[in-house]
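this one's sequence-less:
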């Protein structure tokens, strides 16, 4: 006989884990706090065992990288772990008319969400993907710092400019070195290199974007369709209409992986400019009254579907498959 999994909620911060267990024989949740360290993760596992929780469904919010260590440790112990978009938990809290925002109630709320909605299980990425993700996210951080310093240079007093220029040079060298590292990492893993080669066959996607896409998508087999990948990236259309009076514009939902959307923005612009096979489609959107930004968003959506297609089929980009023939497109 299979016993039901015990719901556990974890409210994660940089230094602390606030944990709540919903035991069926108790009316109130069991609550404890642990350090967000390897020792704290081991202590959490021991505390679960002390309370008879040997098989749990553990939920935590997708908050930066702070929950990754505890999620991995608990997954390795055989628990079912779910890393949930905070928007979903916020929506659940509103549906329950929750008004309190504090660590202990938040952990309990996450446990209740876990119990009631039973979110899908999370699987840790393969080691080569995790390393690539660390490289690309560090590159994003360095690039952001570099942009800040360049902006600061333009408005700083002359006395500070040599210092800022020296820091810009240092950051530029760091960016170059890091790009060299992650490109070497991709080359050293045959499967990553094969997937990167497929991605750069798509108009608008270069080696750096390919690395970011691989880092954020992970195993393409985790997605059952192109639509699932588009939803994961937050690139599915979101309609806003109701009755006869509310006729809002259709927009991208943007509930998904923001890093993946960001990685596709400039490639989508290049895709629109450099893919002649896309021009009839663009012209139809413009004729329908779509704004330039709406067309870019549509191109991002189309691009993520192409990404899924080339990775799932293991075939390079084929422009002839992008749009149906004109005769077919004209058929009602």
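On my side now, so go ahead. Computed from a predicted structure; not experimentally measured.

make it CA atoms for all contacts and neighbour counts henceforth
Fine.

how about the helices in the chain?
Per DSSP state H, the chain carries helices over the ranges 38-50, 68-76, 86-95, 103-117, 127-155, 161-187, 190-200, 207-217, 226-233, 258-274, 279-287, 292-313, 326-330.

out of those helices, which comes closest to residue 7?
helix 103-117 (5.4 Å; Cα to Cα).

I'd like to know the average pLDDT value across that closest one.
The average of the pLDDT scores along helix 103-117 is 90.

for stretch 53-72, same thing?
Computed over stretch 53-72, the average pLDDT equals 90.

end-to-end on that stretch?
Criterion Cα to Cα, to the nearest Å; first-to-last residue distance in stretch 53-72 is 18 Å.

Quick one: residues in contact with it.
5-14, 36-38, 41, 48, 78-86, 89, 110-111, 114, 124 (Cα atoms under 8 Å, 6 or more residues apart in numbering).

Ok, stretch 265-282 next?
203-205, 209, 295-296, 299-300, 303, 319-320, 322-323.

Going by mean pLDDT, which of the helices of the chain comes out lowest?
helix 326-330 (a mean of 44).

Mind checking which of the contacts of stretch 53-72 land in strands?
Counted as lying in strands by DSSP state E, out of the contacts of stretch 53-72, are 6-12, 80-84.

Among the residues you listed, give me the pair with the biggest separation.
6 and 12 (18.9 Å).

Show me the domain layout of the chain.
The chain breaks down by automatic domain parsing into domains covering 6-117, 127-188, 190-332.

May I see these organised as a markdown table, with mean neighbour count added?
Putting the domains of the chain into a markdown table (neighbours: other Cα atoms under 10 Å) gives the following:
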| stretch | mean neighbour count |
| --- | --- |
| domain 6-117 | 18 |
| domain 127-188 | 15 |
| domain 190-332 | 16 |
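
Got the confidence number for residue 253?
56.

Do me a favour and get the end-to-end distance for stretch 198-209?
Using Cα to Cα, the two ends of stretch 198-209 sit 12 Å apart.

now what about that stretch, what contacts it?
Residues from elsewhere that reach stretch 198-209 (Cα under 8 Å, 6+ apart): 179, 196, 210, 263-264, 266-271, 274-275, 306-307, 310-311, 314-317.

what's the closest of the contacts of stretch 265-282 to residue 231?
Closest approach between the contacts of stretch 265-282 and residue 231, by Cα to Cα: residue 300, at 12.0 Å.

excluding its backbone neighbours, what's nearest the closest one?
Leaving out its chain neighbours, the residue that sits closest to residue 300 by Cα to Cα, 6 or more residues apart in numbering is residue 268, at 5.3 Å.

and the spatially closest residue to residue 150 that is not a sequence neighbour, what is it in contact with?
Once flanking residues are discounted, residue 150 sits nearest to residue 168: 7.1 Å by Cα to Cα, 6+ apart. When contacts are counted by Cα under 8 Å, 6+ apart, residue 168 touches 146, 149-150.
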